[in-house]
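Student: Structure, please.
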Amino acid sequence: MSDHEQQQPAPPRGKILEALARAERKVFTRPAPKSANAQVKFLLTRMMGSAKSLAEHVGTSTRTIERYRAGKLTTPQKRLKAALLEETESEWQPQVRALVRAAAATSRGMMVEVTAYFGFTCTGSSDDGRERHITTDISPTYVQ
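Tutor: Residues are numbered from 1 along each chain as shown. Sure thing, here's the model as predicted:
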């Protein structure tokens with residue numbers, strides 16, 4: 001396969017789902033907990049108080065979760081901080097998120113903005129690939 005026949009690979013499905021999750025987070029009516037202690041306490045209530053279950057979800061030990069619950073630890077490492085933030089925001093205000101999804105699926109649809117790569121990978125040619133921003137409406141039938 002020559003250089004001009006090769007194209008950029010399509011974005012993975014995970015990136016699209018991450019973008020949809022970010023869009024949902026913009027409709028929260030209250031801010032999610034920011035501190036690690038508050039996040040752990042919130043997640044423990046969602047997990048029915050099971051520190052073991054929460055530890056498995058965020059990839060740490062049960063003892064670490066217990067230390068955050070007790071307030072002995074306050075600043076998590078980067079990996080744990082990211083895991084706590086992701087898990088908290090995915091569990092935060094599920095009813096608000098469900099209402100937004102239902103409204104988008106029944107009445108107004110949704111607006112999607114993507115960055116696409118068009119062209120070929122041929123150096124020094126007018127056919128060189130370029131990044132384009134595309135914005136389009138999605139009808140409610142496809143939102144469902």
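Student: from here on, contacts and neighbour counts on C-alpha atoms
Tutor: Will do.
Student: Residue 76 versus the one residue sitting closest to the centre of the chain, what's the distance?
Tutor: Of all residues in the chain, the one closest to the mean position by C-alpha atoms, centre = their mean is residue 18, 3.5 Å from it. The gap separating residue 18 from residue 76 is 23 Å, by C-alpha to C-alpha, to the nearest Å.
Student: Over to residue 46?
Tutor: The gap separating residue 46 from residue 76 is 20 Å, by C-alpha to C-alpha.
Student: Over to residue 32?
Tutor: For residue 32 relative to residue 76 (C-alpha to C-alpha), the value is 17 Å.
Student: Residue 136 now?
Tutor: On the measure of C-alpha to C-alpha, residue 136 and residue 76 end up 40 Å apart.
Student: SS state for the nearest residue to residue 73 once chain neighbours are set aside?
Tutor: Nearest non-adjacent residue to residue 73, counting by C-alpha to C-alpha, 6 or more residues apart in numbering: residue 67, 5.7 Å away. Put simply, residue 67 is helix when judged by DSSP: H, G, I helix; E, B strand; the rest coil.
Student: related to what we said a few turns ago, which one of residue 136 and residue 76 has more residues nearby?
Tutor: residue 76 (15 against 10; other C-alpha atoms under 10 Å).
Student: residues contacting residue 111?
Tutor: Neighbour list for residue 111: 135, 136, 137, 138 [criterion: C-alpha atoms under 8 Å, 6 or more residues apart in numbering].
Student: From the residues you listed, pick the one nearest residue 55.
Tutor: Compare each of those with residue 55 using C-alpha to C-alpha and the shortest gap goes to residue 138, at 38.5 Å.
Student: what about the helices in the chain?
Tutor: Using DSSP state H, the helices of the chain run over residues 13-25, 36-46, 51-58, 62-70, 78-91, 94-103, 140-143.
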